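In: 3D model of this:
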Amino acid sequence: MEERLQKIMAKADIGSRRASEKIIEEGRVRVNGKVATLGDKADPEKDDITVDGQRISLKHYERRFIVFNKPMNVLSTNKPEKDDERPTVRSLIPVEGHWFTIGRLDAESEGLMVLTTDGDTTHELSHPSFEHTKTYKVTVYGQPSHATLEEWQDGVWMDGSRTSACYVSIMESNKKVTTLRIVMVEGRKRQIRRIASQLGHPVRRLVRTHIGQLGLGTLKKGAYYELEDEEIEAMKVPAPELKFIKERRRQRRRRKKSS
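Out: This is a model prediction of the structure:
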């Protein structure tokens, strides 16, 4: 499959995309003997791509994905702060190499995390502009009213701007706590916890259950495994609630225009 040269070069560890672009601009890259220019594409399986006369190879590049069920009090960062003795996700997954995290979770939160060697997929599944969904099972204190849930779904002011529309529904409830299903396309730092507290219903427990339509299934806490191609594609398929979220956004824009 054809890709931009700088992307192929980055995968081949020639340098970052920006550095690879500079190498291309310097005329040091050839495709099938012809000097390449910025914006050119090639197929690394079929084309002869050279840098300074040396053919580049992607043989060492492996596109790998690992799913992990993160327990509480495990850090998503690669290295803990000084004097923080809590384990990290990387310390619990003993695989070598540089791995990106698709959707971090704060230490108190649990559930689905995916690590990958593929930076492009990480960007696609993490940036809200691509509208990929993440689903959470969240237990909060008290019984949120219908009006509270409506406010949450419309978006709440935080750090000087309004959060994106989302989907929030009650799964079960009693006098002390309520369990919610929350589907989001945007995830600011500790967003669910902050909104819940702001609306008067602090979080008791937060578990991410899905990225797209990839779910935890029966994966035990602290366990991990490498994803198959079908599961990787399932991550890219949004939850059905995305339709609701888009309509909610449209309604919000219409109200803003008419006000």
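In: would you list every one of the strands in the stretch 101-250 of the chain?
Out: Using DSSP state E, counting those that start in this stretch, the strands assigned to the stretch 101-250 of the chain run over residues 110-116, 134-141, 157-158, 161-162, 167-173, 177-184, 203-211, 214-215, 224-226.
In: How many neighbouring residues does residue 70 have?
Out: By the criterion of other C-beta atoms under 10 Å, residue 70 has 23 neighbours. The C-beta positions use only the backbone N, C-alpha and C, and glycine is treated the same way.
In: Run a quick neighbour tally on the closest residue to it other than its chain neighbours.
Out: Closest residue in space to residue 70, ignoring its immediate chain neighbours: residue 113 at 5.0 Å, by C-beta to C-beta, 6 or more residues apart in numbering. Look at residue 113: counted by other C-beta under 10 Å, it has 23 neighbours.
In: Bridged to residue 113, which residues?
Out: Per DSSP bridges, residues listed as beta-bridge partners of residue 113: residue 68.
In: Tell me which of the strands of the stretch 101-250 of the chain is the most buried.
Out: Burial of these is given as mean neighbour count (mean count of other C-beta atoms under 10 Å); strand 110-116 ranks first at a mean of 23.
In: Can you name every helix or strand that that strand contacts?
Out: Here strand 110-116 is seen to pack against strand 65-70, strand 100-102, strand 203-211, strand 214-215 when contacts are counted using 3 or more C-beta pairs under 8 Å, 6 or more residues apart in numbering; DSSP states H and E.
In: pull the CA atoms of that strand into PDB?
Out: Once side chains and other backbone atoms are set aside, the C-alpha atoms of strand 110-116 remain, and they are given as PDB (Å, rounded to 0.1, in the frame of the first residue of the first chain):
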ATOM      1  CA  GLU A 110      -9.600   0.900  36.000                       C
ATOM      2  CA  GLY A 111     -10.300  -0.900  32.800                       C
ATOM      3  CA  LEU A 112      -9.400  -1.100  29.100                       C
ATOM      4  CA  MET A 113      -6.100   0.300  27.900                       C
ATOM      5  CA  VAL A 114      -4.400  -0.400  24.600                       C
ATOM      6  CA  LEU A 115      -0.700  -0.100  24.000                       C
ATOM      7  CA  THR A 116       0.700   0.000  20.400                       C
END
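In: Was I right to think residue 131 contacts residue 185?
Out: Yes: under the criterion of C-beta atoms under 8 Å, residue 131 is in contact with residue 185, at a separation of 5.0 Å.
In: anything in contact with each of the two?
Out: Common neighbours of residue 131 and residue 185, counting by C-beta atoms under 8 Å, 6 or more residues apart in numbering, are 238, 242.
In: Look at those two and report which has more neighbours.
Out: More neighbours sit around residue 185 than around the other of residue 131 and residue 185, counting by other C-beta under 10 Å; the figures are 23 against 13.
In: tell me the contacts of that one?
Out: For residue 185, the contacting residues are 128, 131-134, 164, 166, 238, 242, 245, taking C-beta under 8 Å, 6+ apart as the criterion.
In: now residue 189
Out: residue 106.
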